[in-house]
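coords please:
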Amino acid sequence: QKVGITFLLYKFSMEGSNLEQLMHISSKLLSTFNYKTDGVDKHFQSFLKSPESNHLDENGRVFVSEVFAGCIRYNTLIKVVVDGYYTSDGRTCLRTESSLYFVLSYLIMFRLEELGMNNFKKLVNSQHTGKMYKFLKFVFNENNLYGWIKDEWYKTYDSSFIDANILLPIQRLESEMTEYISHLDAIVNNRLPSSYTVKSTTEMKPFNLTKPKPRQVSTPEEIPTLKVYKPVPKTTYIPPMESETVIKNRETLKIRAKERLLQAEKMQFTCASTEKSQKTKTILKQIIDEREAELDHEPIKPLPFPTSMRESQPLKLNTAAILREGARIQKDEEEEEKRLAKLEAGQKDGSEFQKWQEEMKQKDTAEKLAEIKRKHLEGQLSYEEVIIARQNFIQDTRDKVYQMKEESEQLMMEYFSHRDDHKKEMRKLVETVMQGHQNAQEAKIKLQKMKQKIVQQVERESQELMARALEEAEEEMKRKVELIQQIRAMESVPIISTKFVDLTETGGQGLLAEMSVAER
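Predicted coordinates for the structure are as follows:
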């Protein structure tokens, strides 16, 4: 969004002495900006602290900030123009001057209409004439601007934004810009015309005053006559043939639907029989018997302990085994001697504690075994209870199914009787409705005929009124025309300016002694 109030106030106060400085500071501020590390506000604040910003007043800082922010915001659009210039016409230009072309491109694209041609010319004239002429010639070339540059802009921004905010303002000032570019061309090629021209003297002319014309009586406008309208076609009052065909199709569809309903009522429960066949019953019984047979399994009998393991086999010891056994026996004797020496010294024996510990362990194991046996018995009892509950549930379901079958048969009998009664009532209702429809259609036809008569009567009356009004308007028109002709004839008769005097007439003062000139 353009921030242009201060910008507009400042553009009118620009002078030639500080324009070059403004362009130089703007291009330098843009060239020192790093997109990766610096932010826009941070970079501008650091610029304000530099000594270069001391030469600018408040309006100048606003100008620089607006130009810098606009170049950063529309960097992708401006870069298309500047890169294209360096690849075609500006191949001999320095890359260090790219920031200057960035600033100039931003002013052309977004601020040209706001600046005006006079201020823009001042900005361009403050720079090198040859460089500015070459760049402006490239930018305002129709093949470049309305060709590949516009296509590249359409890739990044919406076409409506480009046309409304960039191309339209440029087109408004295009004629003035072409004249200015031709002027720069003349400066570069030393083809400027002489500035001295002889002014022609002013010639005196009389005032061109309009002469008054005699007033004429305007003729009244003719009253337009009404066009002869076409009568309403008779087909509008005749019902279409499609309605009859639709009624016939509707009746045939009703008859078909009734036939299908009767067939569906006759074949109602043939596809939904709830009773199972004998084959399925036998298969279900076999599956239940197989599952119950799997539950009554025999316990696994353990194999007897082999007799070869019961008899102790003599072991043949080697020298190392004999020495090892002797060392173990000697170690056991030493430990026994130490234990006896400790007992003599008054130390207690831990054999009683070990015996008590073994007894407690045996007691715990016995309790665990009893708990396991109890749980096993409880599981067997619960299993038998489940089997009994299952048998009871099956019997209950069978009883319920039998009861539901009896109730459904009774309900079906009641449903059939109720359906027959309902059919009779519906037939009576249909007959009454059809009779009402016939009466309504007859009333509708009567109403339609009445409306047609009313419409025809109204049309006749309106035609008579319109004819009468036209006759009166024509008579009034003829009377006005005759009156105008009489007025014009009276105006055309010449007025006699001389006054005739009758010597035999009296003065007309009402006196008794009045006499004419002839009598005197």
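
how far away is residue 437 from residue 430?
Computed as C-beta to C-beta, to the nearest Å, the residue 437 to residue 430 distance reads 10 Å. For the C-beta atoms, the positions are set from N, CA and C on the backbone; glycine is no exception.

cool, and residue 189?
For residue 189, the distance to residue 430 - C-beta to C-beta - is 103 Å.

who's in contact with stretch 135-143?
Here stretch 135-143 makes contact (C-beta atoms under 8 Å, 6 or more residues apart in numbering) with 81, 84-85, 88-90, 101, 104-105, 108, 124, 144-145, 170, 174, 177-178, 180-181, 184-185.

what about 10 Å?
For stretch 135-143, the external contacting residues (C-beta atoms under 10 Å, 6 or more residues apart in numbering) are 81-82, 84-85, 88-90, 93, 97, 100-101, 104-105, 108-109, 124, 127, 144-145, 147, 149, 170, 173-174, 177-178, 180-182, 184-185, 188.

What values do phi and psi take at residue 339?
Dihedral pair for residue 339: phi -70, psi -40, per degrees, to the nearest 10.

That one: neighbouring residues, count only.
As a burial measure, residue 339 scores 13 neighbours (other C-beta atoms under 10 Å).

Poorly predicted segments of the stretch 201-350 of the chain, please.
In the predicted model, the stretch 201-350 of the chain carries pLDDT under 70 at residues 216-220, 223-224, 226, 267-275, 295-302, 304-315, 346-350.

one more time with 50
Residues of the stretch 201-350 of the chain that meet the criterion pLDDT under 50 lie in 271.

Drop anything exposed from the contacts of stretch 135-143.
For these, a burial check counting by 16 or more other C-beta atoms under 10 Å picks out 81-82, 84-85, 89-90, 93, 97, 100-101, 104-105, 108-109, 124, 127, 144-145, 149, 170, 173, 177, 180-181, 184.

Could you list which of these belong to helices?
Mapping those onto helices (DSSP state H) picks out 81-82, 84-85, 100-101, 104-105, 108-109, 124, 170, 177, 180-181, 184.

Out of the residues you listed, which is nearest to residue 337?
Nearest to residue 337 out of those is residue 82 (C-beta to C-beta; 108.0 Å).

List the contacts of the nearest residue to the closest one once chain neighbours are set aside.
In space, and not counting its chain neighbours, residue 82 is closest to residue 101: 5.0 Å by C-beta to C-beta, 6 or more residues apart in numbering. By C-beta under 10 Å, 6+ apart, residue 101 lies in contact with 27, 78, 81-82, 85-86, 90, 93, 131-132, 135, 138-139.

what about the strands in the stretch 251-400 of the chain?
Assigned by DSSP state E, counting those that start in this stretch, the stretch 251-400 of the chain shows no strands.

Quick one: the helices in the stretch 101-250 of the chain, in order.
Using DSSP state H, counting those that start in this stretch, the helices found in the stretch 101-250 of the chain span residues 112-115, 117-125, 129-139, 142-143, 150-156, 159-162, 168-172, 174-188, 241-266.

For residue 200, which of those is the nearest?
It's helix 174-188; of the helices of the stretch 101-250 of the chain, that one is closest to residue 200 (C-beta to C-beta) at 23.7 Å.

and the closest one, what other elements does it pack with?
If you count contacts as 3 or more C-beta pairs under 10 Å, 6 or more residues apart in numbering; DSSP states H and E, helix 174-188 packs onto helix 117-125, helix 129-139.

cutoff 7 Å now
helix 129-139 (3 or more C-beta pairs under 7 Å, 6 or more residues apart in numbering; DSSP states H and E).

Distance check, the residue most central in space within the chain against residue 170.
Residue closest to the average C-alpha location in the chain (C-alpha atoms, centre = their mean): residue 158, at 17.1 Å. The spacing between residue 158 and residue 170, counted by C-beta to C-beta, is 17 Å.

same deal with residue 428?
Distance of residue 428 to residue 170, computed by C-beta to C-beta: 86 Å.

Out of the helices and strands in the chain, which is least certain?
Lowest on mean pLDDT, DSSP states H and E among the helices and strands of the chain sits helix 5-11, with a mean of 42.

next SSE after it?
Using DSSP states H and E, the helix or strand that follows helix 5-11 towards the C-terminus is helix 16-31.

and residue 502, how many neighbours does it have?
Residue 502, neighbours per other C-beta under 10 Å, totals 9.

State the three-state secondary structure for it.
Using DSSP: H, G, I helix; E, B strand; the rest coil, the three-state assignment for residue 502 comes out as coil.

What segments of the stretch 351-500 of the chain are helices?
Going by DSSP H, counting those that start in this stretch, the stretch 351-500 of the chain shows helices at 351-492.

Could you list the low-pLDDT ranges of the stretch 1-150 of the chain?
Filtered on pLDDT under 50, the stretch 1-150 of the chain yields the residue ranges 1-17.
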